[in-house]
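Participant: I'd like to go over a predicted model; first the sequence, then the structure.
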Amino acid sequence: MIHMQQNLNKEVFDKITFLTGDAECLKMLSQIPAKQPFDESVVNFLNDLSKNIMSNVSSRAYSDVITFAFWIRKASVLKIKEKYNFNDKNLRLGRGAAFHIAPSNVPVNFAYSLVSGLITGNSNVVRIPSKDFMQTKIIVDSINKTLLKYENLRPYIVLVRYERDKGINDALSYICDTRIVWGGDATIAEIRKSELPARSTEILFSDRYSLAIINSDKYMELTNKERFAEDFYNDTYFTDQNACTSPRMVVWIGDSKEKAKNLFWANLHNLISKKYTFQPIQSIDKLVNSYLSAIAFSNSRIENSDDNLIVRVRVSDLSENVMELMQNSGFFFEYDCDDIMDLRNVCNDKRCQTVGLLGDSKDIIPLIEAGIKGVDRIVPIGKTMDFNLIWDGYDLFAQLTRIINISC
Amino acid sequence: MNFENILEIPPYSLNKEDKEKLLNDRLIKLTKFHKENCPEYSRILDSIDFKVDSIKSYKDLPFLPVRLFKELELKSVDKSEIVKTMTSSGTTGQAVSKIFLDRTTSSNQQKAMVKIVSSFTGSSRMPMIIIDCPSVVKNRMMFSARGAGILGFSMFGSKKIYALDDDMKLDVDAMRDFLLKYKGQKILLFGFTFMIWQHFYKELIRLEKEGVKFDLSNGIMIHGGGWKKLVNEAVSPEEFHQRLNNVCGLDSIHDYYGMVEQTGCIYMQCECGHLHASIFSDIITRRPIDFSECDFNEKGIIQVLSTIPESYPGHSLITEDEGIILGEDDCPCGRKGKYFKITGRMKNAELRGCSDTYAAKFK
């Protein structure tokens, strides 16, 4: 207690900008009662927040904002609740105060993190990225507007901005029961310099990479190949192919590989030429990595292309982890796969996260069952970014709640 | 055509057609040589299915990104042949390029440089003031770009002094004595653009206020290294020239463009303010979207081609600089070949993404 007061002092508050809540809220954050998961007022609050975001005209320009608003509708939240319908006498409560550090380059991520904390019954302080994303502003404004009707929830939501500062990280870490760190290895290393109380837990989102597996026969059967290109674009180019979930490699299975490839890349190219903002240096970045790959991986081939929008390196041997040389902004390793176990090295790496799939997941299961260290999600292409309480190999619900074991 | 033959031709004397013939011959030969002797280079050519026999123009040769020399040690001769390793100047923690030179390449670099520079300064050597500190060239085993530049240009000096001490302070007395001793003679001044501005020009301004003035109207200044560090000072090349002229009477001031990855064939700035490609090298500007060749007066990424590199596969490189080719064979200064200007360095990509590496870079 005394420590807390010493840490959260005026000097710390002076360096913090409050977007939601204030110094008083922050001081009390660890004192207010935890809630049970899916508390009714929280669910209603989120539903109203969803409406407020949807009714804001500026939201329409941002598909990521709309997707978020859709996810927090009552119907959607109740569906999530159903999955956590435990048939036991135990009680569950939020762990208490959650301290979230959002990544600097994904505008709406902070909102997903916050909602995960809220629906599991926690009070939350969220460090918002300092970059002025319009998406952040829309959501924060809507939260503040919605809170006017939910005074009782005010103590549970504190949104802050501050420059990298160990003193503030120390103070917030000291009061939290759970710390949630997005932003990858560099941010984790920095935040870990601030000690956590012994009983507090931590959820860390480290640097990850992902791949896509496309069954070429299934692809040939698709009636709407433009739509599929759109889905793939959203998984990759939409985030400069630089999200942890963005496939960096396309693995082709099935018997129509060459036909499927030609159509797939042509359709994608059409779309990119219309939608993607190309930055000149990306041409050099991709050339560097394609040549480095040519040298590092024997018999690799750089596929011919008319321009630098899509750079593909065909690899014929995955005995080395080619992902060491991954790039972003439209740089793909490509592999013709006749035996799913070929992917072992790429997937037997803790950094391997998502498999975006067109095809049947049972084709991949043998690989997982071999006991690999990577792959936390297998999801349809187009859905790699879709947030879920099961994320990155964690069950966030379990991580953010405490079970009161009642056996009498 | 071998390099000895090229050396016999005056460096700015060939028109487009003749120069193309020369470059085609030499650069295609070099491509074959490196393919046979540098396994990494060979793999790159194989990966793009490049057949050197099927090309007609050096413009169709592949180009290696200069960044590759920061990632890999590329050589086309046996390790025992290496007599010098040059490194680019990078700030601490940054990767530096490593360029491996054998006797031939090193000597050809010098010879080309003599041809180029003496066509501006005249062939006799001059008393030379190096606007840098002596310690930069002390370690001869590892040449930094700065050290290499100084040593390269030192060939043109008869008597030399370093104008700065190791604390980067202008040695006023030594300068005064030197200028007195060589009064009436043409003096060569050499240094890096930023150093000249920071430690020479600014000091001259301060001295002027104290009533100390140097007369360098008889001097010829050659400077390079780029304008990046001067962006904060908001100094344009024209202003750089004008202000130096005001403070010490210097009028013959030549910027040059060059890089450690292609030492020797530097691009000198002429009296009209244009950078010129000599017969030892060429410049092509390329469009980022597809690497197609830009038109004149269209900004693009700079590709540099050099007839010199034999010990490492650096005869065709794509830089991370952008520039504009202004014309060919028709600069009012009379020199043949392409003339151009550099517009700056390419911006790093601003990317979305979950990992905060972007922010970490600026910590």
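Facilitator: That came in fine, so what should we check first?

Participant: starting at the chain centroid, how far to the strand or helix carrying B:K115?
Facilitator: Secondary structure from DSSP states H and E places B:K115 in helix B:103-121. Distance of helix B:103-121 from the chain centroid (CA atoms, centre = their mean, to the nearest Å) equals 12 Å.

Participant: who's in contact with it?
Facilitator: By CB atoms under 8 Å, 6 or more residues apart in numbering or on different chains, the residues outside helix B:103-121 that reach it are B:3, B:7, B:10-12, B:81, B:83-84, B:101, B:152-153, B:155-156, B:186, B:188, B:220, B:222, B:254, B:263-266, B:268, B:278, B:280, B:307-312. C-betas here are computed from N, CA, C, even on glycine.

Participant: and what of stretch A:401-408?
Facilitator: Residues from elsewhere that reach stretch A:401-408 (CB under 8 Å, 6+ apart): A:A34, A:P37, A:K89, A:N90, A:L91, A:R92, A:L93, A:G94, A:R95, A:T120, A:G121.

Participant: cutoff 7 Å now
Facilitator: Contact with stretch A:401-408 is made by A:P37, A:K89, A:N90, A:L91, A:R92, A:L93, A:G94, A:R95, A:T120, A:G121, as judged by CB atoms under 7 Å, 6 or more residues apart in numbering or on different chains.

Participant: redo the residues you listed as CSV? Include neighbour count, secondary structure and pLDDT.
Facilitator: Output for these, formatted as CSV (neighbours: other CB atoms under 10 Å in any protein chain shown; DSSP: H, G, I helix; E, B strand; the rest coil; pLDDT from 0 to 100):
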residue, neighbour count, secondary structure, pLDDT
A:P37, 21, coil, 97
A:K89, 10, coil, 93
A:N90, 11, coil, 95
A:L91, 13, strand, 96
A:R92, 20, strand, 97
A:L93, 17, strand, 97
A:G94, 27, strand, 98
A:R95, 21, coil, 98
A:T120, 29, coil, 98
A:G121, 24, coil, 98
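
Participant: model confidence at the residue in the stretch 51-200 of chain A positioned nearest to chain B, what's the number?
Facilitator: Chain B sits closest to A:G184 of the stretch 51-200 of chain A, with a gap of 3.2 Å, by CB to the nearest CB. pLDDT for A:G184: 92.

Participant: for the residue nearest to A:G330 when sequence neighbours are not counted, what are its contacts?
Facilitator: Closest residue to A:G330 apart from its sequence neighbours, by CB to CB, 6 or more residues apart in numbering or on different chains: A:I310 at 5.2 Å. Applying CB under 7 Å, 6+ apart to A:I310 gives the contacts A:W265, A:L268, A:H269, A:I272, A:G330.

Participant: how many neighbours does the closest residue to the fourth one other than its chain neighbours have?
Facilitator: On the basis of CB to CB, 6+ apart, the spatially nearest residue to A:I272 that is not a chain neighbour turns out to be A:L309, at 4.9 Å. Neighbourhood size, A:L309 [other CB atoms under 10 Å in any protein chain shown]: 21.

Participant: next up, phi/psi of A:L309, please.
Facilitator: Dihedral angles of A:L309 (phi, psi; degrees, to the nearest 10) stand at phi -70, psi -40.

Participant: A:Q353 - that's part of a strand, no?
Facilitator: Yes: A:Q353 forms part of a strand when assessed by DSSP: H, G, I helix; E, B strand; the rest coil.

Participant: so it is in contact with A:A243, correct?
Facilitator: No: the pair A:Q353 / A:A243 is not scored as a contact, 9.8 Å apart, by CB atoms under 7 Å.

Participant: the longest helix along chain B: which residues count as buried?
Facilitator: In terms of residue count, the longest helix belonging to chain B (DSSP state H) is helix B:16-37. Neighbour counts using 16 or more other CB atoms under 10 Å in any protein chain shown place B:19, B:22-31, B:33-35, B:37 of helix B:16-37 among the buried residues.

Participant: and that helix, what does it pack onto?
Facilitator: helix B:39-47 (3 or more CB pairs under 7 Å, 6 or more residues apart in numbering or on different chains; DSSP states H and E).

Participant: does the helix it packs on reach chain A?
Facilitator: Yes: residues of helix B:39-47 contacting chain A under CB under 7 Å from any CB of the partner chain: B:E40, B:R43, B:I44, B:S47.

Participant: count the neighbours of the nearest residue to the first one once chain neighbours are set aside for me.
Facilitator: Right, the one you point to is B:E40. Leaving aside its chain neighbours, B:E40 sits nearest to A:I295 (4.7 Å; criterion: CB to CB, 6+ apart). Using other CB under 10 Å, A:I295 has 20 neighbouring residues.

Participant: now B:T85, what's its secondary structure?
Facilitator: Strictly by three-state DSSP, B:T85 counts as strand.

Participant: around chain A, pick out the residues from the stretch 151-300 of chain B.
Facilitator: B:P288, B:I289, B:D290, B:F291.

Participant: turn those residues into CSV, including distance to B:A349, secondary structure and neighbour count.
Facilitator: Listed next are those as CSV, based on distance: CB to CB, whole Å; DSSP: H, G, I helix; E, B strand; the rest coil; neighbours: other CB atoms under 10 Å in any protein chain shown:
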residue, distance to B:A349, secondary structure, neighbour count
B:P288, 11, coil, 21
B:I289, 14, coil, 15
B:D290, 18, coil, 12
B:F291, 17, coil, 18
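
Participant: tell me the one of those residues nearest A:T67?
Facilitator: A:T67 lies nearest to B:I289 out of these, by CB to CB, at 30.4 Å.

Participant: who's in contact with the closest one?
Facilitator: A:F278, A:D307, A:N308.

Participant: who wins on neighbours among these?
Facilitator: Going by other CB under 10 Å, A:N308 tops these with 22 neighbours.

Participant: which stretch of helix or strand covers that one?
Facilitator: Assigned by DSSP H and E, A:N308 belongs to neither a helix nor a strand.

Participant: how about the spatially most central residue of chain B, nearest residue that isn't a chain neighbour?
Facilitator: Closest residue to the average C-alpha location of chain B: B:G258 at 1.4 Å, with CA atoms, centre = their mean. Counting by CB to CB, 6+ apart, B:G258 lies nearest to B:I266, which is 3.7 Å off, once chain neighbours are set aside.
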